[in-house]
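**Student:** Any chance you can model this:
(2 chains)
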There are 2 protein chains.
Amino acid sequence: MAGAMLFPSRRLRATPFTARVSTSGVSGYTVYNHMLLPTVFEDLQADYKHLKENVQIWDVSVERQVQLLGKDAHKLACLISARDLTNAQIGRCYYAPICDQSGAIINDPIALRLAEDKYWFSIADSDLLLWVQGIALGLDLNVEVCEPDVSPLAIQGPLAEDLMADVFGEEIRNVKFFHFKEFPFKGRMLNIARSGWSKQGGFEIYLNDTQLGTELWDAIWEKGKKYNIRAGCPNLIERIEAGLLSYGNDMNREDTPLEIGLEKYISLDSDVDFIGKQALLKQREDGIKKRLMGVVIDGSEMPPLTMPEEVLIGGKNIGFVTSAVYSPDYNGNIGFAMIEASNANADTEVSVESKTGIRKARLCEIGDFWTQVQSKN
Amino acid sequence: MAGAMLFPSRRLRATPFTARVSTSGVSGYTVYNHMLLPTVFEDLQADYKHLKENVQIWDVSVERQVQLLGKDAHKLACLISARDLTNAQIGRCYYAPICDQSGAIINDPIALRLAEDKYWFSIADSDLLLWVQGIALGLDLNVEVCEPDVSPLAIQGPLAEDLMADVFGEEIRNVKFFHFKEFPFKGRMLNIARSGWSKQGGFEIYLNDTQLGTELWDAIWEKGKKYNIRAGCPNLIERIEAGLLSYGNDMNREDTPLEIGLEKYISLDSDVDFIGKQALLKQREDGIKKRLMGVVIDGSEMPPLTMPEEVLIGGKNIGFVTSAVYSPDYNGNIGFAMIEASNANADTEVSVESKTGIRKARLCEIGDFWTQVQSKN
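**Tutor:** Have a look, this model is predicted:
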């Protein structure tokens, strides 16, 4: 399917920024939450190089919000989140994996607490809205759960803070990582968080009025010219280097947070009773059977994966690659692989049965790419 | 976005038939239920012409199954379905819109009753699984809800019955429309229904083992050669002619079944109490504010829609087009449009603000295209 055309339809929702994205040289899309997400502009490597040195504007409207509002909003948030939100503070963001009763991951959103009785869950690619609404209905909770007209626009890259200060004022510099605050724009108040799906630094602007999409884009673009701004998108190379996992690629409903290395984001030892807790406690006691690892794969530049590729030791399958790409700064192919626990050790020599033949490879800890790339730069 | 490339990833799931689809000349995909769905092979019109005269094999694995199994499966099926399933018979298919409490459509699946305690809902493009699981959890029902390894393969076209008889035996001819029955294949029993997303007649084979995908495809392909078989897919032209509505395009969570013309498929006057019933009863009493209509649009061939296009009377907006395409057999552009109720009358003259300029158009009843195309042929 590499090189396939994406056939247009209304079902693949446009965003408040689609008009600008489509005239900014986008060359590839994916579909995420029934919506268009750009994946490439010039090419993966050119986009990546620019992102690491300048500033980019990203249409990440696909990060839809599941809004919980009302008397039972906090209770419901604590029930669905494997991260303990009991003491969640207004103005803070929390990476909050959501599990089903078996501990399997349904989504891995960022939770934002907007008020005592109001949350947004800024979601990955699954209809978390339906899960939360179904539970609220079944439990007859006093909460309104909806997808509001909110579309995040990310400003990412080392020059992001300077640009944002030019647009929204110096106060933006005081917003700490994973904090958010309201800033005015054209008579509206927009929540802006210091966050984003890269390790280059930056912000996410939660636009709350589709009609203002083009104006917001243009205002940032205009001020961004002096910072060499370009339209961009989450970059496959940069996010793998950074150890950022993608729901649907590196984890899905076959997996639990323990198998993905998300222990520190879930609250098995707190008093909160969330959906999936019992199953996860049991898994922790029994031990996991598989674990997500980093993998470095020898040979020439690998094309983006379309299917999991087998990982072997001595011809025996021990797992599969979930994402992989060639990193220029790492000077090699890097990716993630789900590996049976008994073989999930750093420095283990393996082979990968890729579309381009069998390649030598070795396992490493997730996030090690980033350390190594940084130490080179 | 017309002409955009679809960027590959594991998150866009391959199907049991992807290997065969990709070597059968597919030229366009969409993403549906996080999975690849072919949309075009040769071109829309060539695919359409072939479908109407021959037989095609369609990978519709994207019609994922939500399986309800257990003591409370029937109770849960009746609770979520706006169609009365109280007396649903084993071996029958039911078009069953699913609504939320406000009566808005969440999905419009086909329900198959497999046993007293077992249902499949063969779904449109939303994670109905999460809704059903959330409700079952909230109500603490005794039912297991999952997505089984089941991938439908459709055989569609006027020669479908002859081909299926060659592959599965003459008994298949006795399967009536919207009935299903088990047939053996390579030591497995496969449910086969007389159904499919075209008006050309045919069957859907519910393959229940991913590993058998290529063998099933090849067995049908081999026997299909004498019927001039081709790989195909749901065809935009044929489905609009036929009045087949697409979830996400012609209806979504902004709409209720009453607004879409689905009254006959929902059970407001039965005793069953389903989710959304009270809201729909109220809407029926108050009257609907908008209604989905057919629309015939003048001028040259329209490109496929990417966004809803405005429908106007005397310069005033009265609604929007949800899907539209040029039909060779109709010799005109046909589509669907959501129109405010006061103007939702057949033969109303309107204009459409399309990407290619303002065009004259007129409204008609849904399904009228089909009658008119048939009367011409």
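**Student:** Could you use CA atoms for every contact and neighbour count after this?
**Tutor:** Fine.
**Student:** Quick one: mean pLDDT over the helix or strand hosting A:Val352.
**Tutor:** Using DSSP states H and E, A:Val352 maps to strand A:349-354. Mean pLDDT, computed over strand A:349-354, is 95.
**Student:** go on, stretch A:178-198?
**Tutor:** 97.
**Student:** what comes up buried for it?
**Tutor:** For stretch A:178-198, burial by neighbour count (16 or more other C-alpha atoms under 10 Å in any protein chain shown) applies to A:178-181, A:183, A:190-198.
**Student:** Also stretch A:277-288?
**Tutor:** For stretch A:277-288, using 16+ other C-alpha under 10 Å, the buried residues are A:Lys277, A:Ala279, A:Leu280, A:Gln283, A:Ile288.
**Student:** Would you mind giving the domain segments of chain A?
**Tutor:** Under automatic domain parsing, the residue ranges defining each domain of chain A are A:18-63+A:150-239, A:289-377.
**Student:** quick one: the longest one to chain centroid distance?
**Tutor:** Taking the mean of its C-alpha atoms, domain A:18-63+A:150-239 sits 14 Å from the chain's own mean (C-alpha atoms, centre = their mean, to the nearest Å).
**Student:** Let me know whether that domain sits next to chain B.
**Tutor:** Yes. Using C-alpha under 8 Å from any C-alpha of the partner chain, domain A:18-63+A:150-239 reaches chain B at A:Ser22, A:Ser27, A:Gly28, A:Tyr29, A:Thr30, A:Val31, A:Thr39.
**Student:** Okay, and which of the residues you listed map to helices?
**Tutor:** Here DSSP state H is the test, and the residues of domain A:18-63+A:150-239 next to chain B give A:Ser22 as lying in helices.
**Student:** circling back to that earlier point, please flag which of the buried residues of stretch A:178-198 sit within strands.
**Tutor:** Cross-referencing those against strands under DSSP state E gives A:Phe180, A:Lys181, A:Phe183, A:Leu190, A:Asn191, A:Ile192, A:Ala193.
**Student:** Just put the residues you listed in a markdown table and tack on distance to B:Gln133.
**Tutor:** A markdown table is the format used below for these (distance: C-alpha to C-alpha, whole Å):
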| residue | distance to B:Gln133 |
| --- | --- |
| A:Phe180 | 33 |
| A:Lys181 | 35 |
| A:Phe183 | 39 |
| A:Leu190 | 34 |
| A:Asn191 | 32 |
| A:Ile192 | 34 |
| A:Ala193 | 32 |
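**Student:** all strands of the stretch 251-377 of chain A, in order?
**Tutor:** Assigned by DSSP state E, counting those that start in this stretch, the strands in the stretch 251-377 of chain A fall at A:290-297, A:309-313, A:316-327, A:332-340, A:349-354, A:357-364.
**Student:** what lines up beside the shortest one in the sheet?
**Tutor:** According to DSSP bridges, strand A:309-313 has the following sheet partners: strand A:316-327 (antiparallel), strand A:349-354 (antiparallel).
**Student:** Among those strands, show me which one is buried the most.
**Tutor:** strand A:316-327 (a mean of 22; mean count of other C-alpha atoms under 10 Å in any protein chain shown).
**Student:** Next, the angle from the helix or strand of chain A with the lowest mean pLDDT to strand A:332-340.
**Tutor:** Lowest by mean pLDDT, DSSP states H and E among the helices and strands of chain A is helix A:368-376, with a mean of 78. Helix A:368-376 runs at 150 degrees relative to strand A:332-340, counting by axes from the mean of the first three to the mean of the last three C-alpha atoms, to 10 degrees.
**Student:** Point out the other helices and strands that helix A:368-376 packs with.
**Tutor:** helix A:236-241 (3 or more C-alpha pairs under 8 Å, 6 or more residues apart in numbering or on different chains; DSSP states H and E).
**Student:** which residues touch the helix it packs on?
**Tutor:** Identification of contacts with helix A:236-241 by C-alpha atoms under 8 Å, 6 or more residues apart in numbering or on different chains yields A:44-45, A:48, A:197-199, A:245, A:324-327, A:334-336, A:367, A:369-370, A:373.
**Student:** for stretch A:296-314, same thing?
**Tutor:** With C-alpha under 8 Å, 6+ apart, stretch A:296-314 has contacts from A:1-2, A:317-326, A:332-335, A:337, A:339, A:349-356, A:359-364, B:8-10, B:12-14.
**Student:** where along the stretch 51-200 of chain A do the strands fall?
**Tutor:** For the stretch 51-200 of chain A, applying DSSP E, counting those that start in this stretch gives strands covering A:56-59, A:65-69, A:93-95, A:98-99, A:105-107, A:110-115, A:118-122, A:144-146, A:151-156, A:180-185, A:188-193.
**Student:** Following element in sequence after the last one, please.
**Tutor:** Under the assignment DSSP H and E, the closest C-terminal helix or strand after strand A:188-193 is strand A:202-207.
**Student:** pLDDT averaged over that next one - what is it?
**Tutor:** Here the average pLDDT along strand A:202-207 is 98.
**Student:** mind listing what it pairs with, with the direction of each?
**Tutor:** Strand A:202-207 has its sheet partners listed here by DSSP bridges as strand A:151-156 (antiparallel), strand A:188-193 (antiparallel).
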